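> sequence first, predicted coordinates after that:
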Amino acid sequence: MDNRSFDQSPMQSDELPLELQAAARSYAAQPVPRPSSADTAQLMHYLLAEAAFQAQDTHFERTNHLWHIPVLARWRVYLLGPWFWIAGVLLLLAGILLARSITVSDLITLLILLLPLTAVLGLTHALRSPAAGLRAIEASCPVNSAQTSVSLGLVILAFDVLLGLVATLGFTLAHWAPFWNLLLAWLAPLLLLTAISLPIALLRNVRLAALVGGLPWLLLGLLALVEQNGQNITRLFFSLPQDTLSLSYHLATILLSLLLLIVLFTSAPKWQRFCAF
């Protein structure tokens, strides 16, 4: 076939029906898109990324290798180093050692303040953008980095809960507070602030997660420590639950936070394309 036939205008072709010539002229008058090389590269990057996400989601739904998640999370925990966990213990001990200079009520307030704050600070440090090599390794695994990050956050949460249990047991043995009341007092804000900070750190950035999850709680705690007569409303967040209403409020907060964390963990495979890293 002659190559010049491809350059021939549709209006000049003898095979084009007369009733289609108006439509041919309209198509011929439309501008021809001429994307730049940068636009083409950006489009190809987007298409390859979408194809990778779809293939990874399909592979996850087909294999459902959930046991790969703790394996990858274990390496992320190992990369944090021992000083990450030692810093959390030292932060809690620094507050408890202030018992010689403050009252028992303020010491309980300080414990309720420090445990959730330690969890938020630990999450924001651990969920910083990983190195390119680590991202490449996680991308080659059956689970994505969002699932690994959520698992890492749950490991940090479990570590802080263990610290709180040890501190609560010590307070109980010292007859400073009843065990279950003190447990509910710090466990409810710990789970709630973790459920708030973890998705913000994944979808946006860790600085915003620290501001939203940690700064308001820190300010409320400082106001509760400064207030002396016990009538400030901020002390209600840092006092032991005594009546039925307070106990129900703490239990409802714990159940809601656990539900949010479970939903976050189960839906993590769909969050990868929206993550900030």
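Perfect, thanks for sending it.

> can you count the residues close to Leu260?
The criterion is other CB atoms under 10 Å. On that basis, Leu260 has 17 neighbouring residues. Quick note: C-beta positions are derived from backbone N, CA and C, even for glycine.

> how far is the longest helix along the chain from where the chain is centred?
Longest among the helix segments of the chain by residue count, using DSSP state H, is helix 145-173. With CA atoms, centre = their mean, to the nearest Å as the basis, helix 145-173 stands 16 Å off its chain's centre.

> elements contacting the helix or strand immediately after it in the chain?
Downstream of helix 145-173, the first helix or strand assigned by DSSP states H and E is helix 179-203. Applying 3 or more CB pairs under 8 Å, 6 or more residues apart in numbering; DSSP states H and E, one finds that helix 179-203 contacts helix 104-126, helix 145-173, helix 206-213, helix 244-266.

> may I have the shortest one exported as PDB, CA atoms only?
The reference is to helix 206-213. Written as PDB, here are the backbone C-alpha positions of helix 206-213 (Å, rounded to 0.1, in the frame of the first residue of the first chain):
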ATOM      1  CA  VAL A 206       4.500  12.400  61.300                       C
ATOM      2  CA  ARG A 207       4.800  16.000  62.400                       C
ATOM      3  CA  LEU A 208       1.000  16.500  61.900                       C
ATOM      4  CA  ALA A 209       0.400  13.300  63.800                       C
ATOM      5  CA  ALA A 210       2.500  14.600  66.700                       C
ATOM      6  CA  LEU A 211       0.700  17.900  66.700                       C
ATOM      7  CA  VAL A 212      -2.800  16.400  66.500                       C
ATOM      8  CA  GLY A 213      -2.300  13.500  68.800                       C
END
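
> tilt between that helix and helix 104-126?
160 degrees (axes from the mean of the first three to the mean of the last three CA atoms, to 10 degrees).

> now do the buried residues in the helix or strand following helix 206-213.
Of the helices and strands lying after helix 206-213 in sequence (DSSP H and E), the nearest is helix 215-226. Applying a neighbour-count criterion of 16 or more other CB atoms under 10 Å, the buried positions in helix 215-226 are 217-218, 220-221, 224-225.

> can you check stretch 77-92 too?
Quick answer for stretch 77-92 (16+ other CB under 10 Å): 77, 88, 91-92.

> now do the phi/psi pair for Leu127.
Main-chain dihedrals, Leu127, degrees, to the nearest 10: phi -100, psi 20.

> count of residues packed around it?
So Leu127, with other CB under 10 Å, has 25 neighbours.
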